[in-house]
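Enquirer: How does the following fold in three dimensions:
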Amino acid sequence: MTKTRSKPDDNLSAQDWVLAARTALIRHGVADVKVDRLARDLKVTRGSFYWHFADRQALLDALLKQWRSQNTGPFLRVIADDAVPPLEQLARFTRIWLDEKEFDPAYDSAVRDWARNAPEVARAVRSADTARLRVLTKIFSVLGYPEEEAMIRARITYYHQVGYYTMRITESHARRAELFPAYFEVLAGQPLPAGQ
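Expert: Modelled structure (predicted):
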């Protein structure tokens, strides 16, 4: 006789578990992403978890997939509309970092920390970095910079921002917004477009 699983009484979705795992990852690292701890935080039983995931690794896979979508997707969408002038595309790209609405720097840093001891996560981080750099390089190329200079400008812009988060530099949003035009002009070689 085959045993059938019954759906748990709680209304949690797989996404709720991924979001709880994300919070744990950001707060204390991947070692804190444990089924028992998450169940306690969510005030449910482990059975709820196993309704949605086969095991912890399945949750970690879902967490990494969600990170890719949330923290790289916005950058890729910047160049989706060819009608937007390249300087405005660059402003939109850099504003994703500045505004921190679509992109979560704490999440990005937590995944980078996780990647230090997990080769599959390191590959995902390299892939995300490559995709983001490709977008920046394309924008600089369309702005008219020669291929090598476009790549160098993309790297300087990108590595500057990754370093900013890695060093955990804290400034008020107002101060960052105040410095943004000067940073933009230094990195882009052109002034920030009006209205950006």
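Enquirer: Tell me which residues touch the residue nearest the centre of the chain, please.
Expert: Geometric centre of the chain, nearest residue: Asn71, 2.3 Å, by Cα atoms, centre = their mean. By Cβ atoms under 8 Å, 6 or more residues apart in numbering, Asn71 lies in contact with 103-104, 107-108, 111, 128. Glycine gets a C-beta too; all of them are placed from N, C-alpha and C.
Enquirer: any idea how far Val121 is from Lys65?
Expert: Lys65 sits 12 Å away from Val121, taking Cβ to Cβ, to the nearest Å as the criterion.
Enquirer: Looking only at neighbour counts, state which of those two leads.
Expert: Ranked by neighbour count (other Cβ atoms under 10 Å), Lys65 and Val121 place Val121 first, with 20 against 12.
Enquirer: The closest residue in space to that one that isn't next to it in sequence and His160, how far apart?
Expert: Among residues not flanking Val121 along the chain, Ala115 sits closest, at 4.2 Å (Cβ to Cβ, 6 or more residues apart in numbering). The gap separating Ala115 from His160 is 20 Å, by Cβ to Cβ.
Enquirer: just to revisit the earlier point, does the residue nearest to the centre of the chain sit in a helix or strand, and which one?
Expert: For Asn71, the host element (DSSP states H and E) is helix 56-77.
Enquirer: So which bits of that helix are buried?
Expert: Of the residues in helix 56-77, 59-60, 62-64, 66-68, 71-72, 74-75 count as buried by neighbour count, 16 or more other Cβ atoms under 10 Å.
Enquirer: Between those, which sits nearest His173?
Expert: Distance ranking of those against His173, using Cβ to Cβ, places Pro74 first at 17.7 Å.
Enquirer: Show the contacting residues for that closest one.
Expert: By Cβ under 8 Å, 6+ apart, the residues touching Pro74 are 96, 102-103.
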